[in-house]
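Undergrad: With the sequence up front, the predicted model follows.
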Amino acid sequence: MKGVSVPGEKRRKSPSAPIVPAAEPQRNLSAEPRRNFAPRGIAALVAPITRPAFRRRAPAAAQLLADWPQLAGPQLAARAVPVKFAGGTLTLGCTGPTAMELQFSEAQIIARLNLALGHAVVERLRFVQQSPRLPAAPPRRPAAPRNLPIPADLPPGELGEALARLYRGIKTRG
């Protein structure tokens, strides 16, 4: 048949040439493997380094713990924190009443997290009583002194008032 190739056979150069089976590559098992210095993709270089780390903690778990406020949303992130992720079970730390409330919306939470991660990673939720870490309050700045001397060479009107506010703001920060 013309145009049909058979595995393990070379194509004939002419219709009358005999079919020759493909030669098996010879392997020298006693010699060291040859090094390849050709350019490679970064994924081939990073994989041997990251593989041991991912055996200890899966990338999905690392993403869950690192990106929790974006994945869960502001309301859930303010009330619960991820504590542990293992075997498809996400352990959330929250207060007792919050845990009871979140149990009722467990299916929606799991669906939202899996949608954000791109595949079904979270199968179950487990709740432990733990106060969620609240974001640290920004440090309070001291009140600006009202009687701060303002340079006399400022222009009159709204521009002068805006420059005076800017001057007070710069002086109170530093």
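TA: Good, I have the coordinates. Numbers count the residues shown, from 1 in each chain.

Undergrad: can we go C-alpha only for contacts and neighbour counts from here?
TA: Will do.

Undergrad: Buried residues, stretch 114-132. List them.
TA: 114, 121-122, 125-127, 132 (16 or more other CA atoms under 10 Å).

Undergrad: Farthest-apart pair in those, please.
TA: Val121 and Pro132 (22.9 Å; CA to CA).

Undergrad: need the contact list for Gly68.
TA: One thing to correct before we go on: residue 68 is Trp, not Gly. 77, 81-82 (CA atoms under 8 Å, 6 or more residues apart in numbering).

Undergrad: As a markdown table, the residues you listed with distance to Ala61 and secondary structure would be great.
TA: Output for the contacts of Trp68, formatted as a markdown table (distance: CA to CA, whole Å; DSSP: H, G, I helix; E, B strand; the rest coil):
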| residue | distance to Ala61 | secondary structure |
| --- | --- | --- |
| Ala77 | 16 | helix |
| Val81 | 13 | strand |
| Pro82 | 10 | strand |
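
Undergrad: Burial check on Thr91, number of neighbours?
TA: Using other CA atoms under 10 Å, the number of residues around Thr91 comes to 18.

Undergrad: Let me see the backbone angles for it.
TA: Per-residue torsions, Thr91: phi -100, psi 120 (degrees, to the nearest 10).

Undergrad: now it: how far from Ala99?
TA: Separation of Thr91 from Ala99 (CA to CA, to the nearest Å): 11 Å.

Undergrad: Can you report how many residues lie near Ile49?
TA: Using other CA under 10 Å: Ile49 sits among 10 other residues.

Undergrad: Strands along this structure, start to end?
TA: Counting by DSSP state E, the chain has strands at residues 80-86, 89-94, 124-129.

Undergrad: who does the first one pair up with?
TA: In this case it means strand 80-86. strand 89-94 (antiparallel) (DSSP bridges).

Undergrad: quick one: buried residues of the strand it pairs with?
TA: Buried residues in strand 89-94, defined by neighbour count with 16+ other CA under 10 Å: 90-94.
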